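Participant: Got a predicted model here, sequence first, then my questions.
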Amino acid sequence: MPLRFLKSAALSSNVAGSLWMIAAMAAFALEDALVKQAASGLPVSEVLILFGLGGAIAFCALAGIKRETVFHRDVLSPVMKIRFAFELVGRLFYILALALTPLSSTTAILQATPIFVVLGAALFFGETVGWRRWTAILVGLIGVLIVLRPAGDSFSLLSLLAVVGMLGFSGRDLASRAAPATLSTNVLGFYGFLTIVIAGLAFALWEQPAFVVPGPETLLALLAAVAFGVVAYSALMKAMRTGEVATVTPFRYTRLLFGVLLGVVWFGEGIDAQMLTGCAVIVGSGLFILWRGAKIQSVSSDRAKDNPA
């Protein structure tokens, strides 16, 4: 009876965690669409600054409600400086990709982030990656190339903006693994959005745009993007803390479904067989890497129980 109850409780938490993850990915996709919409009426640098300010204020308020210290000395640690640099690159180039390229292809390329995180963990953290996962990484890279279609007539160098943004996010996620535990989710969220402000200011120096007063629709889109961003971030943390990581994490790929759907319905983007093939290859590779990693971790855990120190 107790064993059955424990299994039922674990199943229930996994279902709840999976639903939280799906909700987070839907909110992230809506955030992307709203940022893209706002960028159609404002310079990209202005979108970055206003969007970043809104998110930073929101997370600062949440940290204040929970009595969390935003200006913590660990923010200046070496690993946080590395995280800041990668986040700056990721945020800047990803929002540029949202503004200048189709939402569907940008979202598809972003799904390669877990693949590059595993690649980076092997190269820089010395984690053991067997031939199966190396093969999956290679297949995932092929999937990205299928989406980019570099040999096709429709290829644009602007598509590389999403690739650079994805690499920036991959580096950020790797650095986050070593981030001080004293920094809460709200504090990391505050500095993540503050990074967007700095990215916007830096891009403004290069772009030198004529800033304009946002119209009601554009301002509403930015406010909604901030709201969905905060909801998405909070739901993501809830998902990771509710269910088992190996069960919940694969549902990150639902963001691709939402992103492609919004691209088609909202922005009238076209989806062809090559795009769908590339998406399938990227998602399939990522899911295999996650499954293989969870299996290896499970085997290692069982061996540790059988051979206690």
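Facilitator: Happy to help now that I have it. Residues are numbered from 1 along each chain as shown.
Participant: how about the helices in the stretch 51-200 of the chain?
Facilitator: 78-100, 103-110, 113-124, 131-148, 160-176, 185-207 (DSSP state H, counting those that start in this stretch).
Participant: most tightly surrounded among these?
Facilitator: Greatest average neighbour count among those goes to helix 103-110 (a mean of 25), per mean count of other CB atoms under 10 Å. All C-beta spots, glycine's among them, are computed from the backbone N, C-alpha and C.
Participant: what's that one packed up against?
Facilitator: Judged by 3 or more CB pairs under 8 Å, 6 or more residues apart in numbering; DSSP states H and E, the packing partners of helix 103-110 are helix 2-39, helix 78-100, helix 131-148, helix 160-176, helix 254-265, helix 273-306.
Participant: what distance separates that helix from the middle of the whole chain?
Facilitator: Here the centre of helix 103-110 is set off from its chain's centre by 11 Å, with CA atoms, centre = their mean, to the nearest Å.
Participant: shaky segments in the stretch 101-250 of the chain?
Facilitator: Applying pLDDT under 70 to the stretch 101-250 of the chain flags residues 150-155, 245-246.
Participant: ok, back up a step: want to try CSV for the helices of the stretch 51-200 of the chain, with distance to residue 40 as columns?
Facilitator: Formatted as CSV, these follow (distance: least, CB to CB, whole Å):
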stretch, distance to residue 40
helix 78-100, 8
helix 103-110, 12
helix 113-124, 26
helix 131-148, 23
helix 160-176, 16
helix 185-207, 16
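Participant: Of all the ones you listed, which one is nearest residue 33?
Facilitator: Nearest of the helices of the stretch 51-200 of the chain to residue 33, taken as CB to CB: helix 103-110 at 6.2 Å.
Participant: Show me what the closest one is in contact with.
Facilitator: Residues from elsewhere that reach helix 103-110 (CB atoms under 8 Å, 6 or more residues apart in numbering): 29, 32-33, 36, 94, 97-98, 144, 147-148, 159, 162-163, 165-166, 169, 255-256, 258-260, 262-264, 266-267, 269, 271, 275, 278-279, 282.
Participant: just stretch 253-262 next, same as before
Facilitator: Contacts of stretch 253-262 (CB under 8 Å, 6+ apart): 21-22, 25-26, 28-30, 32-33, 103-104, 106-108, 110-111, 271, 279, 283, 286-287.
Participant: sorry, back to before: looking at the helices and strands packed on helix 103-110, which is closest to residue 187?
Facilitator: Of all the helices and strands packed on helix 103-110, helix 78-100 sits nearest to residue 187, with 10.3 Å by CB to CB.
Participant: Which neighbouring elements make contact with that closest one?
Facilitator: Applying 3+ CB pairs under 8 Å, 6+ apart, we find helix 78-100 packed against helix 2-39, helix 44-65, helix 103-110, helix 160-176, helix 185-207.
Participant: and the angle from it to helix 103-110?
Facilitator: Calculated by axes from the mean of the first three to the mean of the last three CA atoms, to 10 degrees, helix 78-100 forms an angle of 150 degrees with helix 103-110.
Participant: pLDDT (mean, whole number) over helix 78-100?
Facilitator: Average pLDDT, helix 78-100: 90.
Participant: Using CSV, write out every CA atom in that helix.
Facilitator: Extracted in CSV, the C-alpha atoms of helix 78-100 (Å, rounded to 0.1, in the frame of the first residue of the first chain):
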residue,chain,number,x,y,z
PRO,A,78,33.9,35.3,-11.9
VAL,A,79,31.3,32.8,-13.0
MET,A,80,28.5,35.4,-12.9
LYS,A,81,30.6,37.7,-15.1
ILE,A,82,30.9,34.9,-17.7
ARG,A,83,27.2,34.2,-17.4
PHE,A,84,26.5,37.9,-18.0
ALA,A,85,28.7,38.0,-21.1
PHE,A,86,26.9,34.9,-22.6
GLU,A,87,23.5,36.3,-21.6
LEU,A,88,24.3,39.6,-23.3
VAL,A,89,25.2,37.9,-26.6
GLY,A,90,22.2,35.5,-26.3
ARG,A,91,19.6,38.1,-25.6
LEU,A,92,20.9,40.6,-28.1
PHE,A,93,21.1,38.3,-31.1
TYR,A,94,18.0,36.3,-30.3
ILE,A,95,15.8,39.4,-30.1
LEU,A,96,17.5,40.7,-33.3
ALA,A,97,16.5,37.3,-34.9
LEU,A,98,13.0,37.7,-33.6
ALA,A,99,12.7,41.2,-35.2
LEU,A,100,14.4,40.4,-38.5
